[in-house]
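Peer 1: give the three-dimensional model of this entry:
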Amino acid sequence: MRLRIAAAGDIHCSEEERTRLENAFMDAERENDLILLAGDLTTSGEPEQAAVLADVTRGIGVPIYAVLGNHDWHANRHEELVSTLRGGGIRILERAHEILTVEGIEIGIVGTKGFVGGFSGSLMPDFGEPLLRRVYAETSAEVSALDRGLRKICECAVRIVLLHYAPTTTTIEGERETIWAFLGSERLAGPIAEHSPDLVLHGHGHGGTFAGSIEDIPVFNVGVPVTGRDFWIFEFDSEAGLVTEPDEALRSKER
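Peer 2: Numbering: from 1, shown residues only. Next comes the predicted model:
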C-alpha cells in the first residue's frame with residue numbers, strides 16, 4: 001500500500017498569493033493523501049493573511065497538519081492566527097503529536113516549531129543574561145516536546161517530525177555560516193537520533209539544501225525557496241518504507 005504526502009514550508013501567504021495557493025492546494029489534494037506545512041504560513045503573522053490560507057484550505061478533503069514559523073509569530077497575534085488557521089481545517093501542532101490512519105496506514109506526527117541555538121562550534125550556552133537564558137529555555141522546551149511526542153508515536157507504521165527550524169546543518173548548507181545559529185539548533189537532533197523517525201521535515205533556511213540527515217534518518221528542507229515548487233511529494237510503501245527518487249533529490253540539493 002502506498003501513502004503520498006505533499007510537504008512545503010515558507011509559503012508566506014498573503015492576498016497576492018491567493019490564486020497560486022488555490023491551484024497548488026487543489027493539485028496537492030488530487031494527488032496526495034496528506035499535506036504537511038513546515039511553518040512560515042504567513043508573511044508577517046497577521047490574522048488577515050492567515051484568513052487567506054484558511055479560505056484556500058477550507059474545502060480541501062485530505063488532512064492538513066502544520067507548525068508555525070518565525071514569520072507567523074511576528075505580529076504577536078498568536079491566538080487569533082491559530083484560531084483563524086484552524087477555522088480553515090488546518091491542524092496546528094504546537095509541541096504536540098497526533099496519530100491518524102490514512103489508506104490503512106497508521107501515521108504519527110510530532111509537530112513543533114523548533115528554535116535557535118546553533119550547532120557544534122557555536123552552541124548557545126545556558127549561561128549569562130536572563131534574556132539569553134530564556135532563549136536557551138525555549139529551545140529546551142522544544143527538545144522536550146519532540147522527545148515526548150516521539151515516545152507517544154513509537155508504535156506507528158510511519159513516524160514523522162514536522163519542524164520549522166533546522167535540527168542539522170546538512171539542510172542549511174548554502175546559507176552563510178554566520179547565521180546558522182539563527183536557523184536552528186543541533187539540540188533538536190537529540191530526540192530525533194534517539195527515536196529514529198522515518199522522516200523529518202523543516203523549512204526556514206531559504207538558501208539551504210534540500211536533502212540531509214541526522215545519522216541515517218532522512219531530513220528534508222521543504223521550504224519553497226529551496227525546492228523550487230509548491231509542494232514536494234514523499235511516498236511511503238507499506239513494505240519498503242520511504243520511497244525517494246535519488247536523482248531528483250540530488251538535483252534539488254545542487255540547485
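
Peer 1: list the residues that contact the closest residue in space to D33 that isn't next to it in sequence.
Peer 2: Spatially, and ignoring its direct neighbours in sequence, D33 is nearest to V102 (4.8 Å; Cβ to Cβ, 6 or more residues apart in numbering). For glycine as for every other residue, the C-beta is placed from the backbone atoms N, C-alpha and C. Going by Cβ atoms under 8 Å, 6 or more residues apart in numbering, V102 touches 3, 33-34, 63.

Peer 1: go through these and flag which are in strands.
Peer 2: Using DSSP state E, 3, 34 are the members of the contacts of V102 that sit in strands.

Peer 1: separate out the buried members of the contacts of V102.
Peer 2: By neighbour count, with 16 or more other Cβ atoms under 10 Å, the contacts of V102 hold 3, 33-34, 63 as buried.

Peer 1: who are the contact partners of R20?
Peer 2: R20 touches D230, counting by Cβ under 8 Å, 6+ apart.

Peer 1: next, it: secondary structure please.
Peer 2: The three-state assignment at R20 reads helix, by DSSP: H, G, I helix; E, B strand; the rest coil.

Peer 1: check E17 too.
Peer 2: Quick answer, by three-state DSSP: E17 is helix.

Peer 1: on that earlier part again, any idea how far E186 is from the residue nearest to D33?
Peer 2: Distance, V102 to E186, using Cβ to Cβ, to the nearest Å: 31 Å.

Peer 1: and L68, by the same measure?
Peer 2: From L68 over to E186 the distance is 21 Å, taken as Cβ to Cβ.

Peer 1: about what we covered before: hmm, which of the contacts of V102 is lowest in pLDDT?
Peer 2: Among the contacts of V102, L3 has the lowest pLDDT, at 92.

Peer 1: show me the contacts for it.
Peer 2: L3 touches 33-34, 102-103, 105, 107, 158, 235-238, counting by Cβ under 8 Å, 6+ apart.

Peer 1: now the buried members of those residues.
Peer 2: Buried among the contacts of L3 by 16+ other Cβ under 10 Å: 33-34, 102, 105, 107, 158, 236.

Peer 1: report the two of those separated the most.
Peer 2: The distance between the two most remote of those (Cβ to Cβ) is 10.8 Å, for D33 and V158.

Peer 1: could you pull out the helices in the stretch 101-250 of the chain for me?
Peer 2: 130-152, 189-195, 224-227, 246-254 (DSSP state H, counting those that start in this stretch).

Peer 1: shaky segments in the stretch 101-250 of the chain?
Peer 2: Low-confidence segments of the stretch 101-250 of the chain (pLDDT under 70): 244-250.
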